[in-house]
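Engineer: give me the fold of what follows.
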Amino acid sequence: MVKRKKANTDRSTDKMEQMITVLQDLFILEGLKAGMNVEDIRKTLKINKWRVSNISKCMKQERSGGKRR
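Structural biologist: Just a heads-up that it's a prediction; the model follows:
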């Protein structure tokens, strides 16, 4: 009996994980724009605090005109 390849399943899983990551990033951006607390966002999405912080830093840089300190 021939075994089925898992390549399609792996690609599908990778695509789904990428989509989830993008949606979480969008949620973080919108939450920060709405004034949500970083800790509340982190608890809601069950993610690391550093991820919210990194996105917050990027958002602050864009608001300041992209200038680094």
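
Engineer: which residue is nearest the middle of the protein?
Structural biologist: D25 (3.1 Å; C-alpha atoms, centre = their mean).

Engineer: you'd agree it is up against I55?
Structural biologist: Yes. Judged on C-beta atoms under 8 Å, D25 makes contact with I55 at a distance of 6.2 Å. For the C-beta atoms, the positions are set from N, CA and C on the backbone; glycine is no exception.

Engineer: what do the two both touch?
Structural biologist: Counting by C-beta atoms under 8 Å, 6 or more residues apart in numbering, D25 and I55 have no contacts in common.

Engineer: and the helix or strand of the chain with the lowest mean pLDDT, what does it pack onto?
Structural biologist: Ranking every helix and strand in the chain by mean pLDDT, DSSP states H and E puts helix 49-63 at the bottom, with a mean of 88. Helices and strands touching helix 49-63, by 3 or more C-beta pairs under 8 Å, 6 or more residues apart in numbering; DSSP states H and E, are helix 7-34, helix 38-45.

Engineer: enumerate the positions of the shortest one that are buried.
Structural biologist: I take that to be helix 38-45. Of all the residues in helix 38-45, those buried under the rule 16 or more other C-beta atoms under 10 Å are I41, R42, L45.

Engineer: and those residues as JSON lines, adding pLDDT and distance to R11?
Structural biologist: Compiled in JSON lines, the buried residues of helix 38-45 are given as follows (pLDDT from 0 to 100; distance: C-beta to C-beta, whole Å):
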{"residue": "I41", "pLDDT": "94", "distance to R11": "30"}
{"residue": "R42", "pLDDT": "93", "distance to R11": "30"}
{"residue": "L45", "pLDDT": "93", "distance to R11": "25"}
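
Engineer: closest one to S12 out of those, please.
Structural biologist: L45 (22.3 Å; C-beta to C-beta).

Engineer: how many other residues sit next to the residue lying closest to that closest one once chain neighbours are set aside?
Structural biologist: Once flanking residues are discounted, L45 sits nearest to Q24: 5.3 Å by C-beta to C-beta, 6 or more residues apart in numbering. Burial of Q24 is recorded as 18 neighbouring residues (other C-beta atoms under 10 Å).
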